[in-house]
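J.: Next one to model:
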Amino acid sequence: MGGHSLVEISLKWLEGLSSGKICKEVETITMEGLKVVHGQKGFIRCHFLVPSRLADKDGNWHVGAMATLIDNVGAATIFSSIGLVKASVELNISYYSTAKIQEEVEIEAKVVADKEILTSVVVEVRKKDNGELIALGKQWMATLTLKVKLGEMSKL
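T.: Residues are numbered from 1 along each chain as shown. Alright, predicted model coming up:
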């Protein structure tokens, strides 16, 4: 991989997402300001200050923005472990509390299972000041390979 470890590549990808260098606008908006504080094979920890533009009408961190962040940090963590880009096949997020505008949160993601083409990661989002659990994401991702023979292609 050109002298770069899988962890380094994963962390650079997350930094690119949070700075808007390598992604679509929706990812930049939801991840801008994400700071990676620790990374190792199969584990990434980040800090994030919730910006006002990601708040709902009550001033809480919008759950859709949180889900995008959980999905991306989970994917980077899986890549750091196995070196493959995978597609989400299941993403389940339980929301326990919320974060307000300008509140700092900590995101920890770790790979918990690798079963051939399927890999699972758990992502915890907690308030940085007191450790209160905000959300718990459980994600399964799969390596997808397409093998299509010309005679078997759909006519749709």
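
J.: Give the rounded mean pLDDT of the top helix by length along the chain.
T.: Counting residues, the longest helix in the chain under DSSP state H turns out to be helix 63-82. Across helix 63-82, pLDDT averages out at 92.

J.: C-terminal to that helix, what's the next element?
T.: Of the helices and strands lying after helix 63-82 in sequence (DSSP states H and E), the nearest is strand 87-95.

J.: and that next one, how far from the chain's centre?
T.: Put simply, strand 87-95 sits 10 Å off its chain's centre (C-alpha atoms, centre = their mean, to the nearest Å).

J.: who's in contact with that strand?
T.: Contacts of strand 87-95 with the rest of the structure, by C-beta atoms under 8 Å, 6 or more residues apart in numbering, involve 63, 66-67, 70-71, 74-75, 118, 134-142, 144. C-betas here are computed from N, CA, C, even on glycine.

J.: how does it look with 6 Å?
T.: Applying C-beta atoms under 6 Å, 6 or more residues apart in numbering, the external contacts of strand 87-95 come out as 67, 135, 136, 137, 138, 139, 140, 141, 142, 144.

J.: how near is the fifth one to residue 104?
T.: To tie it back to what came earlier, the one meant is residue 138. Applying C-beta to C-beta, to the nearest Å, the value for residue 138 to residue 104 is 24 Å.

J.: Looking at the two, which one has more neighbours?
T.: More neighbours surround residue 138 than the other of residue 138 and residue 104, with 16 against 13 (other C-beta atoms under 10 Å).

J.: would you say the more buried one is within a strand?
T.: Yes. Counting by DSSP: H, G, I helix; E, B strand; the rest coil, residue 138 is found in a strand.

J.: The helix or strand hosting residue 17 versus helix 63-82: what angle between them?
T.: Secondary structure from DSSP H and E places residue 17 in helix 6-19. Helix 6-19 runs at 160 degrees relative to helix 63-82, counting by axes from the mean of the first three to the mean of the last three C-alpha atoms, to 10 degrees.
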